[in-house]
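Colleague: everything below, folded, please.
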Amino acid sequence: MHTALECNAQHAAWDRDATTSVTDVQWKSALSGLINIPRNSRFRLIQFYIIHRAYLTPARVNRYFARQDAAYPRCSYMDADMIHMLLSCTSLCCFLRVVVGCLSECTSSAVPFTWEACLLGLFPRDERHRAAARFTDLGLITAKRLITRRWKSADPPAEQARIYSFGVWAGVGGVTLKREDAMGMCKYPLSDSWEEILSYLRSMC
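Modeller: Model prediction:
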């Protein structure tokens, strides 16, 4: 169990990486937001690892082990922080922008393309439309699953384009939502709403 002191240290570390800071209220919201993640324990663990910065950047490892290359494998960028590795790297940025745009379109709500929203799950939530917020949570964690599965791999550009594609994300997301529906997590079946994602995908082809 992480102590309050450890959580405060992680909060401070995020603020050091970012150009904008997260308030104490927002940080508590990010921690409590773990319950918004699907019942799938793998997904909850991914979000837990992101919030608590368990994914070690090459630059961080290099400080302890000098022989470890400090360059980020995906783009060879030196001194890549967590935000770069999971969001702003050029190999990921376009993919995530499409995902966020799609979620905004399909939920009729503006999901901001920010590190707070994409990584910590801090986006505007309307209590009157909880299903839309949960739908967004599921869409974002699906994208983060794809990113963290090969987060240290130096895949060639063509392979990166295949892995981080809208089509792959939509396919994986559909399976996730069907499982959530089977567990009875939501009053309304989210997999029905995922048809809007697929329709959006077809309209882009």
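Colleague: when you work out contacts or count neighbours from here on, use the C-alpha atoms and nothing else.
Modeller: Will do.
Colleague: where in the chain is pLDDT low?
Modeller: Along the chain, the parts satisfying pLDDT under 70 run over 1-6, 36-39, 180-205.
Colleague: tell me which other helices or strands the longest helix anywhere in it touches.
Modeller: Using DSSP state H, we find that the single longest helix of the chain is helix 130-149. Secondary-structure packing of helix 130-149 (3 or more Cα pairs under 8 Å, 6 or more residues apart in numbering; DSSP states H and E): helix 41-51, helix 90-107, helix 166-182.
Colleague: in a markdown table, list the ones you listed along with mean neighbour count.
Modeller: Formatted as a markdown table, these follow (neighbours: other Cα atoms under 10 Å):
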| stretch | mean neighbour count |
| --- | --- |
| helix 41-51 | 16 |
| helix 90-107 | 18 |
| helix 166-182 | 17 |
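Colleague: tell me which of the ones you listed sits nearest to Leu122.
Modeller: Closest of the helices and strands packed on helix 130-149 to Leu122 is helix 41-51, at 11.6 Å (criterion: Cα to Cα).
Colleague: let's check: the centremost residue of this protein is which one?
Modeller: Lys144 (3.7 Å; Cα atoms, centre = their mean).
Colleague: got the contact list for it?
Modeller: Ile46, Leu86, Leu119 (Cα atoms under 8 Å, 6 or more residues apart in numbering).
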